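Undergrad: Can you look at this prediction? I've put the sequence above it.
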Amino acid sequence: MPDTFNYFSHQKFTPNYIHGIDGEYENVSSATSESACTSVLEAGNNIMFTGAMGIIDFSATNEVERKEMTYKTGSSMTGGHYINGKHTTINVQAGASCMRMFIFDAAYGSQINAIGGADFTNINFVAPGNDGVTVATDDTVGAQPYTFQGTGHETSVVHAGEMTINGSGSGDHTRGDTTNGQGTFHCGYEHYDFFSGPSDHRLQNIDTDYRATSTGQSPDFVDIRNARVGMTNVAKRPNLSGSQPNVNPGIFCTTRNGEYYYLTNLLAADTNWGQWWAGSSGVEKSHLRNCTNSGYTDADVSQEAFESYFATKSIWNGNQLLEGDGHSTLEMGAFYQYRDDNIGVANSFEMLQLASQNLWRIDSGANDVVTYGNSIQSNNTSYGDIKNDAADGTVTGNNSHT
Amino acid sequence: MPKYSQTINLEGHSGIHSEEYERIVFTRGNYTAVEITGDYNVIIINAGCRFDGRFIVSGNYNKITIHNDVNFNNGILIGADTDASVGVGNHIKCLGKTFVTRDPNDYNDHSNYALQINGNYTHWEGSGMNTKVALQTASSKRTYACVIGRQADGDAVSAPTKWCIVEKTNFMVLYDGSSHGAGKLALLVSGSASDIACGHLIAGNWFGSLGEYDTSVSAGQDTTGGGGMVELNAGTTRFVENHIQPVYTGGINLGVYGKRNIVLFNHVAHGGSYGLQLYQDNCVVSGNLIYWNDAKSSSTSSMNIGSGVDRAVVAGNRGGNRASITDNSTNSSVSNNELGAL
Amino acid sequence: MSDNFFGNAPNHAMPFDSVTYNGGTVPTTAGYHLVKRGSYGDVTLGTDKCIIEFDGGCTLDSLRITADQCVVIFGPKLRIGPGDKSNGMISIAGDRNYVYIGPDAFVKDNGTPNARDSSDQGNGMACVINGSYNTVEGANWTSILQGPHSAGAAYNNGGTAIHNTFKNLRGRNNPNEGSYVSTSDWHASAPHTTFYNCLSDYASPGSGNSANLGGYKGSTFSLGPIAGTGSASNSNGNGYGSKVLYCYADMSGNSPYGSSTNLPTGSSANNNFGIQNYGAQHSQVIGTYLDSDGETASLGMYEPSTLIYGCIWDSPSNMQQETTGTCVASIFKDPSNSNGTQENNIAVGGSIIALTND
């Protein structure tokens, strides 16, 4: 065996040896049908897809773990893609159009990497119960997270149109297509999560070409970073009857009762929003950092937003909720420290139409929070001041001004 | 016309690659020891590769992309063992599931590392929690999942490694089931460099298995061996937005031992001894959550600030369960911390 | 042996739409392209969704992207310039583009910096972003941008640039060159410009005192106007909402760059600033470190609603902010006054302890 590899040599050391500049991908496939795509993926690894792919259940024939795919620039999704193989990695190049749902269903340890200005509309990370942390002495040890990372705000997870769902029993089942459907990240179920909405819109009843997803809880260990996200017109959200509230989409993420969420460097520019973070009050250990919302112009509907809830042991730092240079539309709440022991620091706010709700509230039952080093500009220091109903915790070093 | 590319798939291949300006692809397969000694290469490690020997990058300024499901079973060295000016400027980026570990049968008698980063300007970019650097304990051996600027003999590199970026990776030291070993850290940065501006950025990582508190530690869980989790011995380190959470550990979760360190927005949970210990001047520690499991007694401070500390800032943190922190500093601003039981 | 590299075997297939070798022309069509080591002159991408990977050792005269959703990934040892391009040596005028600069890169502009009232957008600047939602990312601090007016700037005199990011890059000015207006390693002169882990590796702009050769207001990070005689505005540069996150500025002789050039005395006495904010409301400076080695290196927030959090500023100059500013958990020499919210700062007439080797 030579110590130095001489690339001018044309010796073949093994049948797989090929010299040249190819080799990064085991296959480059223009397949578009479910059967063809899954066959290619099962036959090799690190596959590049180049075509206009329809609805694909990537586990239709054989749920195989640890696969990798790249959607090449110019490829597209004309239907949703469903993955339940663990540790599946999908790379998406700018110029690939993924304007349909991705559904990762108990595909623990799976990951999407966007390279540059790739286009997405709806990423769903779901799990039937939480997989927890594996105890092992091999490469299965530890947490099996869901991860989405773009390269920056050029990566887009936005809708291209507006929702048309109105009320239970009617509406649009082609969720996540280019004309309607929500954008952003959904990790949950029930009415807190716009992904499911009214019961007859839940995924398992939609579009029989889809495999029914597992119903259940939100996953733990979710890491989402580096993208611009956009939310539908909140006025079009389902108008549910009875005791269920209107659904308020979260521009960054919706989840139910997960833990260990990390949302980093997400931008919501010029977009309507219901909440930044539509996590139920029990979502502990959320880390929301360096996210920005700015530039919504409130053309047709009022910017009525619910506050985003901080749960226990969460850290929200370095975020900006701003009007955008020259604008003044933001009316309602922003942050709500709802549970104990969370930290809100180094955030900047500019909300210039406050009329009925405090920009920042600390719930009377939220013990021992830290609210420190935040900059707040508003139209009304009564609503702009931090409303500390707990009278507990460390709330200092903040500047609230008009 | 020069042929600037090669594709390597040599089962069991062991080799030194001294090429420059190449585009090198490691196709899927098993490799033994590999050393990249050349500079300026674009190197792609394909999905499914296994490196059963050590992977060494001693060349400079290479860009290395690691695809999904790649295991480095006998460690990675970026640079040289004793010289930070060797193997500089490399950028290693992981795309998916990556596992870096060492074979305990190959441990030396002193200090063992899964990921050894010695070259200046190294950028180690994991893919997120899917990138795991994990080392098992062994009786009478020291085990450190990741080191920056350390030698195999256990000493620090004397002209310390500088200006590295380590991000988006999960580092762990795991109990092997029979011995907690002779000491461990999930990350050890430099030594005897507290006065030297090394300028590292350590951001967005996880240290520990992230499991829930458990004193009945079993094989595959965070070891309770002595040492701690993270130790920063270099000046001007920015340690931000990390999450330290072993199920239980011996020692201190975060040791801040370099001057002018900036320690912000970290989540530091569980542990054996102090959550954070600060022993150097002019550090800023703020916006951190530092606590134990609920069962931990309230007798130990979440933060211990040593008597030699001058002109430091420790503020805007949530620490518990004890209602006070140990502060022996001078001329410092230690206040506005929310303390007490969680 | 055949030179046919375009294998289409079922295994190890060719992913690229083209491969270009030294002497060829870089493709600019939509698709995924590979460019091998070589020299390629000026490269302009005017078609959307053009993805190019350059191998190590490429030399360009310039890169200009006027399209959207392009990706340019430079391998190691990129060289662009020294040269003089009015739009910048790397110029991004479109939207949603991503440029990655590999290790040991050097992009240098040696043109004449903008005059004070000039509306040109790129003179004397290594990398200029005029569009929106773009990211320029380096491998590490061996990815170097250098220009006499700016290393990296987000700026658009039509006021439409917004949401651009520079990340993991080193920037420096040219010693003894500079703009009378606003020399700085980094410029946030468009709203929502973010610098993440950028190194300002300072070089003094020198002793001249003319409109486009002067030492006035040399700084590390400048938030606000890049040109023009007026206050911050879209045409002059407006850094609304900009961020300096976990950055590093080293003006000392032991910086990675080497010795700084001390600024001589003269009428242009306002020199060697640290971070200057003359036009960036709601900006944030978080977790950032500066070592001035005795230079002036002030930390001046002259706009409303600014935030300084968790910074260390080894400088003989004071921190300055407005009554609506917030500065907490930081270390600097002294505050200029009691303006704004100040909490937990080590800043009571003292100096921080010198590092032995910084």
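TA: Alright, I've got the coordinates.
Undergrad: Contact distance from chain C - what residues of the stretch 201-342 of chain B qualify?
TA: Residues of the stretch 201-342 of chain B lying near chain C by Cβ under 8 Å from any Cβ of the partner chain: B:201, B:203, B:235-236, B:238, B:240, B:259-260, B:262, B:264, B:281-282, B:284, B:286-287, B:310-313, B:315-316, B:331-333, B:335-336. (Glycine included, C-beta is placed from N, CA and C.)
Undergrad: who are the neighbours in contact with residue B:51?
TA: Contact analysis of residue B:51 by Cβ atoms under 8 Å, 6 or more residues apart in numbering or on different chains lists B:30-32, B:34, B:70-74.
Undergrad: Sketch out the low-pLDDT regions of chain B for me.
TA: Applying pLDDT under 70 to chain B picks out residues B:1-15, B:294-297.
Undergrad: what about the strands in the stretch 101-250 of chain A?
TA: Remark: strands assigned in the stretch 101-250 of chain A by DSSP state E, counting those that start in this stretch are A:111-115, A:119-126, A:133-134, A:142-143, A:146-149, A:156-157, A:185-187, A:222-229, A:250-255.
Undergrad: Give the pairing partners of the second one; include direction for each.
TA: Sheet pairing here is set by DSSP bridges, and for strand A:119-126 it gives strand A:97-105 (parallel), strand A:156-157 (parallel), strand A:185-187 (parallel).
Undergrad: Kindly reformat these as a markdown table and extend each row with mean pLDDT and mean neighbour count.
TA: As requested, the strands paired with strand A:119-126 are exported to a markdown table (pLDDT from 0 to 100; neighbours: other Cβ atoms under 10 Å in any protein chain shown):
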| stretch | mean pLDDT | mean neighbour count |
| --- | --- | --- |
| strand A:97-105 | 87 | 24 |
| strand A:156-157 | 93 | 26 |
| strand A:185-187 | 84 | 28 |
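Undergrad: nearest to residue C:22, of these?
TA: strand A:97-105 (33.9 Å; Cβ to Cβ).
Undergrad: now the closest one against strand A:111-115, angle please.
TA: Angle, strand A:97-105 to strand A:111-115, by axes from the mean of the first three to the mean of the last three Cα atoms, to 10 degrees: 160 degrees.
Undergrad: how long is stretch C:328-339 from one end to the other?
TA: 12 Å (Cα to Cα, to the nearest Å).
Undergrad: Buried residues in that stretch, which are they?
TA: By 16 or more other Cβ atoms under 10 Å in any protein chain shown, the buried positions in stretch C:328-339 come out as C:328-333, C:335, C:339.
Undergrad: ok, now stretch A:290-297?
TA: By neighbour count on 16+ other Cβ under 10 Å, the buried set for stretch A:290-297 is A:290-296.
Undergrad: how about residue A:43, what does it touch?
TA: Residue A:43 sits next to residue A:27 when contact means Cβ under 8 Å, 6+ apart.
Undergrad: picking up where we left off before, looking at the contacts of residue B:51, spot the one nearest chain A.
TA: Taking Cβ to the nearest Cβ as the measure, chain A lies nearest residue B:71 of the contacts of residue B:51, at 5.7 Å.
Undergrad: I'd like to know how many residues surround residue 220.
TA: This is for chain A. 27 (other Cβ atoms under 10 Å in any protein chain shown).
Undergrad: other chain: chain C
TA: 32.
Undergrad: Which elements pack onto the helix or strand containing it?
TA: Taking DSSP states H and E as the criterion, the element that holds residue C:220 is strand C:219-223. Judged by 3 or more Cβ pairs under 8 Å, 6 or more residues apart in numbering or on different chains; DSSP states H and E, the packing partners of strand C:219-223 are strand C:184-189, strand C:275-277.
Undergrad: which neighbours does the shortest one have in its sheet, and in what orientation?
TA: Think strand C:275-277. Counting by DSSP bridges, strand C:275-277 is paired with strand C:219-223 (parallel), strand C:299-301 (parallel).
Undergrad: Check the chain and tell me which residue is nearest its centre.
TA: With no chain named, the answer covers chain A. Compute the mean C-alpha point of chain A, and by Cα atoms, centre = their mean the closest residue is residue A:185, 2.5 Å away.
Undergrad: right idea, wrong chain: chain C
TA: residue C:152 (2.5 Å).
Undergrad: and the angle for the strand or helix carrying it with strand C:184-189?
TA: Element membership for residue C:152, per DSSP H and E: strand C:150-155. Using the same axes, to 10 degrees, one finds that strand C:150-155 and strand C:184-189 are set 0 degrees apart in direction.
Undergrad: Just confirm yes or no for strand C:150-155 near chain A.
TA: No. Using Cβ under 8 Å from any Cβ, strand C:150-155 stays clear of chain A, with a minimum separation of 12.1 Å.
Undergrad: Need the residues that contact that strand.
TA: Strand C:150-155 is contacted from outside by C:88, C:121, C:124-130, C:136, C:145, C:161, C:164, C:166, C:169-173, C:183-190, C:193, C:195, C:198, C:226-227, C:237, using Cβ under 8 Å, 6+ apart.
Undergrad: ok, now with 6 Å
TA: C:121, C:125-129, C:145, C:161, C:164, C:166, C:171-172, C:185-187, C:189-190, C:193, C:226, C:237 (Cβ atoms under 6 Å, 6 or more residues apart in numbering or on different chains).
Undergrad: Ok, which of the helices and strands packed on strand C:219-223 comes nearest residue A:73?
TA: Taking Cβ to Cβ, strand C:184-189 is the member of the helices and strands packed on strand C:219-223 nearest to residue A:73, at 30.5 Å.
Undergrad: Quick check: next helix or strand after that closest one?
TA: strand C:193-196.
Undergrad: Which strands and helices lie in contact with that next one?
TA: The contact analysis (3 or more Cβ pairs under 6 Å, 6 or more residues apart in numbering or on different chains; DSSP states H and E) places strand C:193-196 against strand C:164-167, strand C:243-245.
Undergrad: a markdown table for those, including mean neighbour count and mean pLDDT?
TA: Listed next are the helices and strands packed on strand C:193-196 as a markdown table, based on neighbours: other Cβ atoms under 10 Å in any protein chain shown; pLDDT from 0 to 100:
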| stretch | mean neighbour count | mean pLDDT |
| --- | --- | --- |
| strand C:164-167 | 27 | 98 |
| strand C:243-245 | 26 | 98 |
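Undergrad: what stretches of chain A score poorly on pLDDT?
TA: In the predicted model of chain A, residues A:1-23, A:128-131, A:160-183, A:189-217, A:232-249, A:299-304 satisfy pLDDT under 70.
Undergrad: Grab the longest helix from it for me.
TA: helix A:34-43 (DSSP state H).
Undergrad: Put the alpha carbons of that one into CSV.
TA: Presented in CSV, the C-alpha positions along helix A:34-43 are these (Å, rounded to 0.1, in the frame of the first residue of the first chain):
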residue,chain,number,x,y,z
GLU,A,34,-42.4,8.3,-5.6
SER,A,35,-41.4,4.8,-6.7
ALA,A,36,-38.5,6.0,-8.7
CYS,A,37,-37.1,8.4,-6.1
THR,A,38,-37.4,5.9,-3.3
SER,A,39,-35.7,3.3,-5.4
VAL,A,40,-32.8,5.5,-6.1
LEU,A,41,-32.5,6.5,-2.5
GLU,A,42,-32.6,2.9,-1.2
ALA,A,43,-30.0,1.8,-3.7
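Undergrad: Run through the residues of the stretch 151-300 of chain B sitting next to chain A.
TA: Within the stretch 151-300 of chain B, the positions adjacent to chain A are B:209-211, B:219-221, B:241, B:265, B:267, B:287, B:289 by Cβ under 6 Å from any Cβ of the partner chain.
Undergrad: Closest one of these to residue A:226?
TA: residue B:241 (13.5 Å).
Undergrad: Give me the neighbour count for the closest one.
TA: Residue B:241, neighbours per other Cβ under 10 Å, totals 25.
Undergrad: gap between it and residue C:245?
TA: For residue B:241, the distance to residue C:245 (Cβ to Cβ, to the nearest Å) stands at 10 Å.
Undergrad: Now do the residue of the stretch 151-300 of chain C found nearest chain A: how many residues are near it, please.
TA: Scanning the stretch 151-300 of chain C for the residue nearest chain A gives residue C:240, at 4.2 Å (criterion: Cβ to the nearest Cβ). Neighbourhood size, residue C:240 [other Cβ under 10 Å]: 28.
Undergrad: Done for today, thanks.
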